[in-house]
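A.B. asks: Attaching a predicted model along with its sequence, questions to come.
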Amino acid sequence: MKYLFTLALCGLIAGCANCQTHDTAVDVGGHRLNFHITRGTGMPILFEGGAGADETVFDTILKPLEEITHATLITYARAGSGGSELDTSNHILEKHGLLQDIEGLETALKKLGYNRNIVLVAHSYGGFCATLYAARHPSTVKAAVLIDANLACWFLDSYVDSITQLRKKLFAAQKDTNWANYYPTMNLPNTVALMRKTPFPANIPAIELVSEINFPDSTWARRWRECHRQFAAAEPNREDITAYGCGHFIFRDNPPLAISAIVKAYAGAQPKAEADEVMKRYLSYSLEAFDEIKKKKVP
């Protein structure tokens, strides 16, 4: 969808005319993580992609969010993905897990000056990353949007055991090991064990978008839906929204829905005056965005 279809919103474009976008690689101790940053004037929004995602996975929604929120937008690739390096100093599986990923992220954000108040947006495996980061920084994470995000309650022991054995056989049959893929996939038992004892902080407001079209196995699909429903019901500051007609990549299947959820979460984390300005810009955007959807359906 062409969001910049002028946004007919010269006021929006002018409002963030000073936003600057750049890539930067940050040494986090033995390797570097690559960040794509759009500098704005508001509280930063950090995006966590799924397994193997690079810095560009959220590109379809970044520009509208830049114009609406005026926030600093931060996307990055975890170790071994995109432009980020892998720590090759050792091949010990447990030294390349979720905890090490988040420790690297924390180091980078501190060096970049973005280790204070922040809003999180997470997709798929990024849900684990966002949960762990939020649990380690419950006072500075002000809101989160979880887009078909991984939750520990879905990962039953039987599933983790069976998928891990299957992955062991697949990697054993490979001539050369793809370490960037090996570490996160083979660390699944360790990751799930860590997440089971790391609940998402109750004080952080969260909006969940959950796909309608996900697993072909109806039992898995039902469990995915129920797990997310339980997460949302656990706290009054959580909202659960089914993304009808959408698959796993909700922000691509229905960009306005993802943008709306992020803007709502972001505005809710702002003082009233700033929130009102954000919502004014959102209303201008929504007029164009939802009209564009209808236009595309006209034969």
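C.D. replies: That came in fine, so what should we check first? Numbering: from 1, shown residues only.
A.B. asks: Below-threshold pLDDT in the stretch 1-150 of the chain: ranges please.
C.D. replies: 1-19 (pLDDT under 70).
A.B. asks: Now do the helices in it.
C.D. replies: With DSSP state H, counting those that start in this stretch as the criterion, the stretch 1-150 of the chain has helices at 10-15, 59-69, 98-112, 126-136.
A.B. asks: Among those helices, pick out the one with the most neighbours on average.
C.D. replies: helix 126-136 (a mean of 24; mean count of other C-beta atoms under 10 Å). Bear in mind the C-beta positions are built from the backbone N, C-alpha and C, glycine included.
A.B. asks: Tell me which of the helices of the stretch 1-150 of the chain sits nearest to residue 251.
C.D. replies: Between residue 251 and the helices of the stretch 1-150 of the chain, the tightest spacing by C-beta to C-beta is seen for helix 59-69, at 5.3 Å.
A.B. asks: Chain neighbours aside, what residue packs nearest to the most centrally placed residue in the chain?
C.D. replies: By C-alpha atoms, centre = their mean, the mean C-alpha position of the chain lies nearest to residue 122, the distance being 1.9 Å. Closest residue to residue 122 apart from its sequence neighbours, by C-beta to C-beta, 6 or more residues apart in numbering: residue 130 at 3.6 Å.
A.B. asks: contacting residues for the one you found?
C.D. replies: Going by C-beta atoms under 8 Å, 6 or more residues apart in numbering, residue 130 touches 48, 120, 121, 122, 144, 146, 149.
A.B. asks: mind checking how far it is from residue 101?
C.D. replies: 11 Å (C-beta to C-beta, to the nearest Å).
A.B. asks: picking up where we left off before, so how far is residue 271 from the residue nearest to residue 122?
C.D. replies: 24 Å.
A.B. asks: ok, now residue 246?
C.D. replies: 33 Å.
A.B. asks: isn't residue 259 right up against residue 65?
C.D. replies: Yes. Using C-beta atoms under 8 Å, residue 259 is in contact with residue 65, at 6.2 Å.
A.B. asks: circling back to that earlier point, how about TSV for the contacts of residue 130, with distance to residue 175 added?
C.D. replies: Below are the contacts of residue 130 laid out as TSV (distance: C-beta to C-beta, whole Å):
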residue	distance to residue 175
48	32
120	39
121	38
122	34
144	41
146	38
149	34
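A.B. asks: Considering the residues you listed, which possesses the most neighbours?
C.D. replies: residue 48 (32 neighbours; other C-beta atoms under 10 Å).
A.B. asks: Name whatever forms a beta bridge with it.
C.D. replies: On the basis of DSSP bridges, residue 48 is bridged to residue 122.
A.B. asks: In this structure, mark out all the strands, start to finish.
C.D. replies: 20-27, 32-39, 42-48, 71-76, 118-123, 141-147, 206-211, 238-243 (DSSP state E).
A.B. asks: how far out from the middle of the chain is the third one?
C.D. replies: By that I understand strand 42-48. Here the centre of strand 42-48 is set off from its chain's centre by 10 Å, with C-alpha atoms, centre = their mean, to the nearest Å.
A.B. asks: cool, and the last one?
C.D. replies: Centroid separation for strand 238-243 versus its chain: 15 Å, with C-alpha atoms, centre = their mean.
A.B. asks: Likewise for the fifth one?
C.D. replies: Average the C-alpha atoms of strand 118-123, do the same for its chain, and the two points are 5 Å apart (C-alpha atoms, centre = their mean).
A.B. asks: Can you show me the helices along the stretch 151-299 of the chain?
C.D. replies: 157-172, 179-186, 188-196, 218-233, 250-253, 255-268, 272-297.
A.B. asks: Switch those over to TSV; also include mean pLDDT and mean neighbour count.
C.D. replies: Shown next, in TSV, are the helices of the stretch 151-299 of the chain (pLDDT from 0 to 100; neighbours: other C-beta atoms under 10 Å):
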stretch	mean pLDDT	mean neighbour count
helix 157-172	95	12
helix 179-186	92	18
helix 188-196	98	17
helix 218-233	96	15
helix 250-253	97	21
helix 255-268	97	22
helix 272-297	84	14
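A.B. asks: for those, which one sits closest to residue 82?
C.D. replies: Closest to residue 82 of these, according to C-beta to C-beta: helix 179-186, at 10.0 Å.
A.B. asks: follow-up on the earlier one: export the helices of the stretch 1-150 of the chain to JSON lines and tack on distance to residue 265?
C.D. replies: Formatted as JSON lines, the helices of the stretch 1-150 of the chain follow (distance: least, C-beta to C-beta, whole Å):
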{"stretch": "helix 10-15", "distance to residue 265": "19"}
{"stretch": "helix 59-69", "distance to residue 265": "10"}
{"stretch": "helix 98-112", "distance to residue 265": "19"}
{"stretch": "helix 126-136", "distance to residue 265": "12"}
